[in-house]
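K.L.:
Sequence first, predicted coordinates after that:
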Amino acid sequence: MATCKKAHTKEAGCRRFVFVVVFTFMFVSVVVFCLRANPVSNIAMEPADDTDHTYSYSHLGGNLNLPKQNELSIQLEMRNRLPPRNRDLYPTLAKDHITIVLYVHNRPQYLQVVVTSLSQVKGIGETLLIVSHDGYFDEMNKIVEGIRFCQVKQIFSPYSPHIFPSSFPGVSPKDCKGKKDTVKKHCEGNPDQYGNHRSPKVVSLKHHWWWMMNTVWDGLKETRGHSGHILFIEEDHFIFPNAYRNLQILTSLKSKKCPDCYAANLAPSDVKSKGEGGENLIAERMGNVGYSFNRTVWRKIHKKAKEFCYFDDYNWDITMWTTVYPSFGAPVYSLRGPRTSAVHFGKCGLHQGQGEQTACVDNGVVNIEVNDDDKVANIKSEWNLHVHKHQPGYKAGFKGWGGWSDERDRQLCLEFARMYKITETASS
């Protein structure tokens, strides 16, 4: 009897063991299947400064309605996942570093000037430089690969019109060209408010800026947890040696001296001005040369994606000045010093490409005077604030210069805003 009872107990134990093994196997299989079917990873983020919210991020992957990628587009997207270079030379970033994003197109003679100026910036080795390319151009890539003065990461817009030679967002065979093409030829495309159809070289400016902003703030693992300011500069912005130290001072003073300021700028909003001089901090409308803001401001901008994507102007900055900023409900001021720390030197427009009969030719030689005051931080915390009100420039009500009414461009723009799903959670 005892023997039979032991055998029965042993048999029951074996059944339980088999049940646990089978259940575990089925559970793991279901989890693996779900992950393969919906490859989304959520990463809890640090709270952004000036806010009490937490964000989690995930890549939507196949849920997006993006153009079909060619081989180059796929390769560039894979390159975007590579880690920064020069980590052997600069293994750690300063705790309070301000990431610098340099966005470029195809003006290598300008890029070389900017890179040389950045190499002389005090504190540049403490931070990360991200270079965002509008497509791929070998000479531009080589210049960036030669950087040795800080950590540097390159990203390439995989949906740039420049890498789609025969399909949207590049030139498509069925694209409308003339003002009357839509009626006569049944071609693709919507004319702008002036009757003109899209030019891929022109619309790439706005596409690249918007793709870059979404990717830097919400896509890159190097920056999607960055809670401080990020500085944005362009390939025709000469940066003075004191720029980084001055920007650190401005961002630290912003909440105290100008709590209504959304940003900090290295240069006046008037690109021809070198500043007023004197001993006052300046608050004025946000300029487009050496501008920086934090994640709180980015979230406000991102929420206005529809306004940004539907305004009929191919310029990202004019779009911001006339539609996005006015929608915030108050003047969008930026804090800066009385002397510039960055200068716009470009003569050739971004849409004037290289290697064409009508290309803008400029040897990139600049003669920008750098004085001793430009080599050291020259902003004082005890200075008073002077506010520039009622400045001239683009404002709400301006209808735009056109070039941005093709529904395909607008939808691609909106898809860029959806690339990374953001979930906002209030902190307790």
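P.N.:
Thanks, I have the structure now.

K.L.:
Output the below-cut-off pLDDT ranges for the stretch 51-200 of the chain.
P.N.:
Low-confidence segments of the stretch 51-200 of the chain (pLDDT under 70): 51-62, 180-185.

K.L.:
list the contacts for Trp210?
P.N.:
308-309, 316, 413, 416-417 (CB atoms under 8 Å, 6 or more residues apart in numbering). Yep, even glycine has a C-beta here, placed from its N, CA and C like the rest.

K.L.:
for the stretch 51-200 of the chain, what spans make up the helices?
P.N.:
Taking DSSP state H, counting those that start in this stretch as the test, the helices found in the stretch 51-200 of the chain are 71-79, 108-119, 138-145, 181-185, 200-218.

K.L.:
Name the stretch among the ones you listed that sits most buried.
P.N.:
Using mean count of other CB atoms under 10 Å, the stretch among these with the largest mean neighbour count is helix 200-218, at a mean of 23.

K.L.:
Kindly export that helix (C-alpha atoms) in CSV.
P.N.:
Extracted in CSV, the C-alpha atoms of helix 200-218 (Å, rounded to 0.1, in the frame of the first residue of the first chain):
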residue,chain,number,x,y,z
PRO,A,200,12.6,68.6,-54.5
LYS,A,201,15.8,70.7,-54.0
VAL,A,202,13.8,73.4,-52.3
VAL,A,203,11.5,71.3,-50.1
SER,A,204,14.5,69.3,-48.8
LEU,A,205,15.3,72.3,-46.6
LYS,A,206,12.2,72.0,-44.5
HIS,A,207,12.1,68.2,-44.6
HIS,A,208,15.6,67.9,-43.3
TRP,A,209,15.1,70.4,-40.5
TRP,A,210,12.0,68.7,-39.3
TRP,A,211,13.4,65.1,-39.7
MET,A,212,16.5,66.2,-37.8
MET,A,213,14.6,67.8,-34.9
ASN,A,214,12.4,64.7,-34.4
THR,A,215,15.4,62.4,-34.7
VAL,A,216,17.7,64.3,-32.3
TRP,A,217,15.2,64.9,-29.6
ASP,A,218,13.2,61.7,-29.8
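
K.L.:
Which of the contacts of Trp210 sits closest to Pro158?
P.N.:
Each of the contacts of Trp210 was scored against Pro158 by CB to CB, and Phe416 proved nearest at 10.9 Å.

K.L.:
Run a quick check on the closest one versus His207, I expect a contact.
P.N.:
Yes. Here Phe416 reaches His207: they are 7.5 Å apart, a contact under CB atoms under 8 Å.

K.L.:
Quickly list what's touching both of the two.
P.N.:
Residues touching both Phe416 and His207 (CB under 8 Å, 6+ apart) are Tyr159.

K.L.:
these two touch, right, Gly337 and Asn378?
P.N.:
Yes. Contact criterion CB under 8 Å: Gly337 and Asn378 qualify, at 6.9 Å.

K.L.:
So what does the closest residue to Val271 other than its chain neighbours have for phi and psi?
P.N.:
In space, and not counting its chain neighbours, Val271 is closest to His344: 4.5 Å by CB to CB, 6 or more residues apart in numbering. The phi/psi pair for His344 (degrees, to the nearest 10) reads phi -80, psi 120.

K.L.:
about what we covered before: please say which of Gly337 and Asn378 ends up with more neighbours.
P.N.:
Gly337 (27 against 19; other CB atoms under 10 Å).

K.L.:
pLDDT score for the more buried one?
P.N.:
Per-residue pLDDT puts Gly337 at 97.

K.L.:
And what about the closest residue to it other than its chain neighbours, helix, strand or coil?
P.N.:
Closest residue to Gly337 apart from its sequence neighbours, by CB to CB, 6+ apart: Ile379 at 4.4 Å. Here Ile379 is recorded as coil under DSSP: H, G, I helix; E, B strand; the rest coil.

K.L.:
quick one, what contacts Ile379?
P.N.:
Per CB under 8 Å, 6+ apart, neighbours of Ile379: 246, 249-250, 253, 281, 337.

K.L.:
Switch the residues you listed over to JSON lines; also include distance to Pro200 and secondary structure.
P.N.:
As requested, these are exported to JSON lines (distance: CB to CB, whole Å; DSSP: H, G, I helix; E, B strand; the rest coil):
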{"residue": "Asn246", "distance to Pro200": "38", "secondary structure": "helix"}
{"residue": "Ile249", "distance to Pro200": "42", "secondary structure": "helix"}
{"residue": "Leu250", "distance to Pro200": "37", "secondary structure": "helix"}
{"residue": "Leu253", "distance to Pro200": "43", "secondary structure": "helix"}
{"residue": "Leu281", "distance to Pro200": "42", "secondary structure": "strand"}
{"residue": "Gly337", "distance to Pro200": "39", "secondary structure": "coil"}
